[in-house]
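Chemist: Give the three-dimensional model of this entry:
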Amino acid sequence: MDDQTYNNEERINRYLHGEMTPEEEATFESDIQKDDTLKRQAESMARIVKGMKVLGDEHDKQFVEQMKASSEKKATPVRWISIAASFALILTVGYHIYDYSATTGLGREYASAFPTSSIIRGEEDEDVSETLTALFDNVANGEDLDNTIAQLEKLWTLSQSDTYNGYTTYEPYIGWNLAIAHLRNNDKKEAKTILKQLQTMYPEGTAIGDRVTELLKKI
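Modeler: Purely as a prediction, here's the structure:
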């Protein structure tokens, strides 16, 4: 997911939850009319929220019917059941929004830990340099992440080959950028897998090792 998509979803979420100021709401509603992508995203998120509410209402209805059929309890406080269901939904959705923001936020924060210009040496192999520069820039900018991750995974394996090749020298930075790409793509599990591999290869006290340990503690 790129930064624009993330920013759109953050605005839509604030709008749906009534967290915008009147001025922000006016600007958002104006933007929706001019931006088809934003409008489609807003409609999709609104349908999801509505769908969850319908499921919650149906669950409440079934629960009430079961309680009415019970001989032990003559009446059930429907209002409190709805409140409980709504509260559970808010907690679930809120957690996922927070978790998404925290994960992708770490990706953005650490994407610049090793600037591409400081680690790529074009004089060694121009094709390798161009390939890695393009992929590392995608990670830094949060662009084309799925395709970038697929390519970095292949190069990560190649860089660890017993046979020396143009990517061998860049092994730690390929691994690092692969982990960051997973974070930017909201995938903590895969990011941690790569980071733990790097941690065994580069101990604390090395530039890459210190960053890896620091990031793992935050995930």
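Chemist: contacts and neighbour counts: CA atoms only from here.
Modeler: Noted.
Chemist: Sketch out the low-pLDDT regions of this structure for me.
Modeler: 1-3, 17, 47-99, 121-124 (pLDDT under 70).
Chemist: got the domain boundaries for it?
Modeler: Per the record, the chain has its domains at 3-108, 116-218, by automatic domain parsing.
Chemist: which of these is buried the deepest?
Modeler: domain 116-218 (a mean of 17; mean count of other C-alpha atoms under 10 Å).
Chemist: Is the most centrally placed residue in the chain in a helix, a strand, or coil?
Modeler: In the chain, the residue lying closest to the centroid (C-alpha atoms, centre = their mean) is residue 186, at 2.4 Å. Put simply, residue 186 is coil when judged by DSSP: H, G, I helix; E, B strand; the rest coil.
Chemist: quick one: it and residue 132, what's the gap?
Modeler: When distance is defined by C-alpha to C-alpha, to the nearest Å, residue 186 is 22 Å away from residue 132.
Chemist: what's the answer for residue 171, then?
Modeler: For residue 171, the distance to residue 132 (C-alpha to C-alpha) stands at 11 Å.
Chemist: repeat for residue 35
Modeler: 33 Å.
Chemist: repeat for residue 177
Modeler: According to C-alpha to C-alpha, residue 177 and residue 132 sit 10 Å apart.
Chemist: which residues of this protein fall in helices?
Modeler: 3-16, 22-34, 36-69, 78-110, 116-119, 126-141, 145-159, 171-184, 188-201, 207-218 (DSSP state H).
Chemist: export those helices to CSV and tack on distance to residue 165?
Modeler: Formatted as CSV, those follow (distance: least, C-alpha to C-alpha, whole Å):
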stretch, distance to residue 165
helix 3-16, 34
helix 22-34, 50
helix 36-69, 43
helix 78-110, 27
helix 116-119, 17
helix 126-141, 10
helix 145-159, 7
helix 171-184, 10
helix 188-201, 19
helix 207-218, 21
